[in-house]
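Novice: sequence and predicted structure, then a few things I'm wondering about:
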Amino acid sequence: MIGWMHHTPRWAVISACGIAAVLLFVGAFAHVTDLLSHGLHPYDWAPGWLNLYWSSLALFDTLAAVLLIRGKRRGIDLACAIMATDLTANWYAVHGIQHSNLAEQPGLQRLAVFAALVLGTTPFIRRHLTN
């Protein structure tokens, strides 16, 4: 690993984990709201597997956020997995199903920025978290 990554300031690690945790809780809240309002298949236009994936994020977003708050590596690892798969799933939904594009989808734009934040900061903060 590059030497300067070892010297990430503690405040930067705490800030990155805190921001990611808050945004994961926001996502979890949205998925819980969808579950309570519409059940396991909140999006009529999406295939069942995609609805099930998005519904599962009510649990996984919450778990990742809690682990990040506790300073655990598993939290950032789970957040990376969530962001990579969620961005892929939403990209597929926008382009493959809705035949739209990134410019027309502010939700996908926000998700892409959040994914970049999580995936981009992980190399700097992961080593500072505990097992």
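Specialist: Looks like it arrived, so ask away.

Novice: residues in contact with Ala20?
Specialist: Ala64, Ala65, Leu68, Ile76, Ala79, Leu117, Val118, Thr121 (CB atoms under 8 Å, 6 or more residues apart in numbering). To be clear about C-beta, it is placed using only N, CA and C from the backbone, and glycine gets the same treatment.

Novice: quick one: pLDDT of the spatially most central residue of the chain?
Specialist: The centre of the chain sits closest to Met83, judged by CA atoms, centre = their mean, with a distance of 3.8 Å. In this model, Met83 is scored at 97, pLDDT.

Novice: helix, strand or coil: sort out Asp44 for me.
Specialist: Classification of Asp44 using DSSP: H, G, I helix; E, B strand; the rest coil returns coil.

Novice: name the residues of whichever strand or helix holds Ile14 that are buried.
Specialist: Take DSSP states H and E as the rule and Ile14 turns out to sit in helix 10-38. Neighbour-count burial for helix 10-38, counted by 16 or more other CB atoms under 10 Å, picks out 13, 16-17, 20-21, 23-25, 27-28, 31-32, 34-35.

Novice: what angle separates the helix or strand following it from helix 10-38?
Specialist: For helix 10-38, the following helix or strand on the C-terminal side (DSSP H and E) is helix 48-69. Calculated by axes from the mean of the first three to the mean of the last three CA atoms, to 10 degrees, helix 48-69 forms an angle of 140 degrees with helix 10-38.

Novice: quick check: mean pLDDT of helix 48-69?
Specialist: Helix 48-69 comes out at a mean pLDDT of 96.

Novice: what of stretch 91-108?
Specialist: 88.
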